[in-house]
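Undergrad: Here's a sequence, model it:
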Amino acid sequence: MQKIKFIHSLIIVLLIINTLNTEAQSDKKALAGTWLGNLEVAAVNLRLVFNISFNDRDSLTATLDSPDQGAKDIPLGKVTLTSDSLHIDAPLLLGRYTGKFLSDTTITGIWTQSGQSFPVNLQKLPASFILTRPQEPQPPFPYHSEEVIIPNKKFNIFLSGTLTIPEGEGPFPAAILITGSGAQNRDEAIMGHKPFLVIADYLTRNGIAVLRYDDRGVGKSQGNYTDATTADLATDAAAALLFLKEHSKIDPSAIGLIGHSEGGLIACITGASNPDIAFIISLAGTGVKGEQIFFRQQADIARLSGAREEAIKQAAKTNRKLYNIVKKEKDDLVAEEKVMVKYVKILKKQKKSSREIENSVDQLQRTFGAQVYPWFRFFLITDPADYWKKVKCPVLALNGEKDTQIAADVNLTAIEKALRSGGNTNIRTIKFPGLNHLFQHCRSGLPAEYGKIEETISPEVLEAMASWIMNLR
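TA: Residues are numbered from 1 along each chain as shown. Reported below is the predicted structural model:
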């Protein structure tokens with residue numbers, strides 16, 4: 001899932017600005033600009049963009065972008081410039097770049113991070129680096145758009161969203177878009193893409209109103225996403241449904257849910273207890289327990305990234321031990337302590353050095369600490385089938401064949417089986433060849449590709465959703 005938490009991230013976004021110092025002013029001016037390089041880790045290739053600016057204090061400011069990971073303006077540390085070499089510290093990333101000038105526009109060098117080194121050669125660009133997103137809609141729009149406030153009375157919070165309504169009298173069918181795991185905005189922005197903006201634009205142009213909203217604590221929405229479980233987030237979707245039913249331009253009998261990734265699980269939880277929902281579209285939604293999702297996801301991504309089978313098995317063995325602690329220990333702080341103790345024992349058994357152990361535990365605490373356990377525990381143990389079998393409305397379940405986050409073969413089959421076991425026969429499942437978790441045409445399906453692909457979502461998926469909804473009427 002784009003939100004399913006990736007525990008080991010190469011680039012960490014931190015928001016602090018540092019002023020950098022260098023030497024010769026003429027060399028500084030020549031260095032200023034945008035420099036693009038490629039970082040290769042196994043089968044993963046990530047673009048790195050160094051943005052260097054010369055200011056009026058005769059010093060340089062620099063930031064780092066990792067566009068393929070959706071990271072921008074990462075602050076760097078001290079820059080040292082000599083006649084033929086460049087050194088840039090990145091203390092907040094535990095990294096450093098060292099290179100030699102081959103020309104005024106070419107640097108050959110090494111990126112070092114957390115004790116590992118990778119060749120990264122830089123090329124100076126004639127202008128700032130810009131991501132190309134041809135599907136992103138631009139005004140003027142042939143429909144009405146309004147900012148809305150959605151009250152969730154159960155949690156006493158307000159969510160902020162955008163409602164797009166087709167031209168005409170109405171009332172119109174409507175879809176509520178539900179994001180996947182992790183705190184996201186109403187456009188489900190990821191790696192320079194805005195898939196929910198593209199979906200909302202397409203559906204609204206085709207006669208379907210669309211409501212999309214910022215997750216709790218994101219954008220203008222109130223609440224705290226960190227301590228919310230999937231079941232809590234389902235109350236946000238239910239609140240959005242109640243809001244739309246009162247809108248004069250919306251047909252209250254034709255309101256459905258479109259959930260992406262974990263949003264598909266949120267949609268089925270909401271649909272299982274609310275007979276007023278007219279339809280559900282699952283976009284790479286889950287059909288099996290989260291624990292199974294995680295193990296399959298980790299293995300698929302690692303294998304495509306070039307990891308050895310023995311390493312994949314070892315990682316799964318380690319994760320299973322840590323997951324079991326979180327499942328059994330309901331006190332989150334106690335669970336965190338037990339997880340860290342167990343992890344240290346595992347690393348010592350693997351004969352890791354003291355520094356390696358310290359760095360690994362520090363990273364685990366920052367990415368897999370007590371703050372994520374409420375959500376993680378619920379997702380691990382929840383069986384979506386318990387909810388899908390209670391859903392009685394029409395369901396369209398879509399997956400990409402190359403999805404490495406929510407495997408199509410396992411989850412589409414499980415969703416259909418659960419629906420039919422509950423007596424629902426109004427089901428359609430589609431596995432789209434060559435598409436990834438974001439429903440982009442891709443090569444490998446690895447998440448590292450998402451930002452490099454210009455397409456935000458394939459046209460055939462957009463058309464499949466719009467035509468299926470309209471044919472329900």
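Undergrad: residues near the nearest residue in space to residue 371 that is not next to it in sequence, how many?
TA: Leaving aside its chain neighbours, residue 371 sits nearest to residue 226 (5.3 Å; criterion: CB to CB, 6 or more residues apart in numbering). The C-beta positions use only the backbone N, C-alpha and C, and glycine is treated the same way. A count of nearby residues for residue 226, using other CB atoms under 10 Å, gives 12.
Undergrad: For residue 149, list each beta-bridge partner.
TA: Counting by DSSP bridges, residue 149 forms beta bridges with residue 160.
Undergrad: How confident was the prediction at it?
TA: For residue 149, the model assigns a pLDDT of 98.
Undergrad: got the contact list for it?
TA: Contact criterion CB atoms under 8 Å, 6 or more residues apart in numbering gives 158-161 as the residues in contact with residue 149.
Undergrad: before we move on, what about residue 403?
TA: Contacts for residue 403 were tallied using CB under 8 Å, 6+ apart; they are 284, 435-437, 445.
Undergrad: try residue 212
TA: Residue 212 sits next to 161-162, 176-177, 186-188, 196-197, 200 when contact means CB under 8 Å, 6+ apart.
Undergrad: If we use 6 Å, what do you get?
TA: When contacts are counted by CB atoms under 6 Å, 6 or more residues apart in numbering, residue 212 is found next to 161-162, 177, 186, 196, 200.
Undergrad: re earlier: quick one: the residue nearest to residue 371 and residue 372 touch, right?
TA: No - distance between residue 226 and residue 372: 7.3 Å, which falls outside the contact criterion (CB atoms under 6 Å).
Undergrad: Number of residues surrounding the residue nearest to residue 453 when sequence neighbours are not counted?
TA: Closest residue to residue 453 apart from its sequence neighbours, by CB to CB, 6+ apart: residue 440 at 4.7 Å. Burial of residue 440, expressed as a neighbour count using other CB under 10 Å, amounts to 23.
Undergrad: correct me, but residue 237 touches residue 179?
TA: No - contact status for residue 237 versus residue 179: not in contact, 10.2 Å apart, counting by CB under 6 Å.
Undergrad: Which of those two has more residues huddled nearby?
TA: Neighbours were tallied for residue 237 and for residue 179 using other CB under 10 Å; the higher tally belongs to residue 179 (29 against 25).
Undergrad: ok, the more buried one - contacts?
TA: The neighbours of residue 179, taking CB under 6 Å, 6+ apart as the test, are 188, 215, 263.
Undergrad: so which of these is the most crowded?
TA: Going by other CB under 10 Å, residue 263 tops the contacts of residue 179 with 31 neighbours.
Undergrad: wait, what's in contact with it?
TA: For residue 263, the contact set (CB under 6 Å, 6+ apart) comprises 178-180.
Undergrad: Tell me which of these fall in strands.
TA: When the contacts of residue 263 are checked against strands using DSSP state E, the ones located there are residue 178.
Undergrad: Let me have the contacts of residue 263 in TSV, adding distance to residue 463 and pLDDT as columns.
TA: As requested, the contacts of residue 263 are exported to TSV (distance: CB to CB, whole Å; pLDDT from 0 to 100):
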residue	distance to residue 463	pLDDT
178	21	98
179	22	98
180	22	95
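Undergrad: could the contacts of residue 263 go into CSV alongside distance to residue 386?
TA: Converted to CSV, the contacts of residue 263 look like this (distance: CB to CB, whole Å):
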residue, distance to residue 386
178, 19
179, 22
180, 20
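Undergrad: Tell me the one of the contacts of residue 263 nearest residue 110?
TA: Of all the contacts of residue 263, residue 180 has the smallest distance to residue 110: 35.6 Å, by CB to CB.
Undergrad: For this protein, which segments count as helices?
TA: Using DSSP state H, the helices found in the chain span residues 25-31, 195-205, 230-245, 262-272, 290-304, 309-328, 332-349, 354-367, 373-381, 385-388, 408-421, 459-471.
Undergrad: Now do the third one: which elements does it pack against?
TA: So the one you mean is helix 230-245. strand 143-152, strand 172-178, strand 250-260, helix 262-272 (3 or more CB pairs under 6 Å, 6 or more residues apart in numbering; DSSP states H and E).
Undergrad: can I get the CA coordinates of it in PDB?
TA: Extracted as PDB, the C-alpha positions of helix 230-245 are listed here (Å, rounded to 0.1, in the frame of the first residue of the first chain):
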ATOM      1  CA  THR A 230      -8.900   1.600  10.500                       C
ATOM      2  CA  ALA A 231     -12.200   1.300  12.300                       C
ATOM      3  CA  ASP A 232     -11.900   4.900  13.500                       C
ATOM      4  CA  LEU A 233     -11.200   6.100  10.000                       C
ATOM      5  CA  ALA A 234     -14.400   4.300   8.800                       C
ATOM      6  CA  THR A 235     -16.400   6.700  10.900                       C
ATOM      7  CA  ASP A 236     -15.000   9.500   8.800                       C
ATOM      8  CA  ALA A 237     -16.300   7.900   5.700                       C
ATOM      9  CA  ALA A 238     -19.700   7.400   7.300                       C
ATOM     10  CA  ALA A 239     -19.700  11.100   8.300                       C
ATOM     11  CA  ALA A 240     -19.000  12.000   4.700                       C
ATOM     12  CA  LEU A 241     -21.900   9.800   3.600                       C
ATOM     13  CA  LEU A 242     -24.300  11.600   6.000                       C
ATOM     14  CA  PHE A 243     -23.000  15.000   4.800                       C
ATOM     15  CA  LEU A 244     -23.700  14.100   1.100                       C
ATOM     16  CA  LYS A 245     -27.200  12.800   1.900                       C
END
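Undergrad: any idea of the angle that helix forms with helix 262-272?
TA: Per axes from the mean of the first three to the mean of the last three CA atoms, to 10 degrees, the angle that helix 230-245 makes with helix 262-272 is 70 degrees.
Undergrad: mean confidence for helix 230-245?
TA: Helix 230-245 shows a mean pLDDT of 97 in the predicted model.
Undergrad: now swap in the longest one and tell me
TA: Averaged across helix 309-328, pLDDT comes to 95.
Undergrad: for it, packing partners?
TA: Partner elements for helix 309-328 (3+ CB pairs under 6 Å, 6+ apart): helix 290-304, helix 332-349, helix 373-381.
Undergrad: Contacts for that helix next, please.
TA: Applying CB under 6 Å, 6+ apart, the set of residues contacting helix 309-328 is 295, 299, 302, 335, 338-339, 342, 346, 373, 377, 380.
Undergrad: Where does the prediction get shaky in this structure?
TA: Counting by pLDDT under 70, the ranges of the chain that qualify are 1-28, 42-44, 56-58.
Undergrad: Show me how the record splits it into domains.
TA: 25-125, 143-289+382-471, 291-378 (automatic domain parsing).
Undergrad: Of the ones you listed, which stretch is the most buried?
TA: By mean neighbour count, with neighbours taken as mean count of other CB atoms under 10 Å, domain 143-289+382-471 ranks first of the domains of the chain at a mean of 20.
Undergrad: Give me the nearest residue to residue 245, chain neighbours excluded.
TA: Across the structure, with CB to CB, 6+ apart as the measure, the residue nearest residue 245 apart from its sequence neighbours is residue 252 (4.3 Å).
Undergrad: Is it correct that the one you found is in contact with residue 244?
TA: No - look at residue 252 against residue 244 with CB under 6 Å: they stay out of range, at 7.6 Å.
Undergrad: wouldn't residue 117 be in contact with residue 110 here?
TA: Yes - taking CB under 6 Å as the definition, residue 117 is a contact partner of residue 110 at 5.2 Å.
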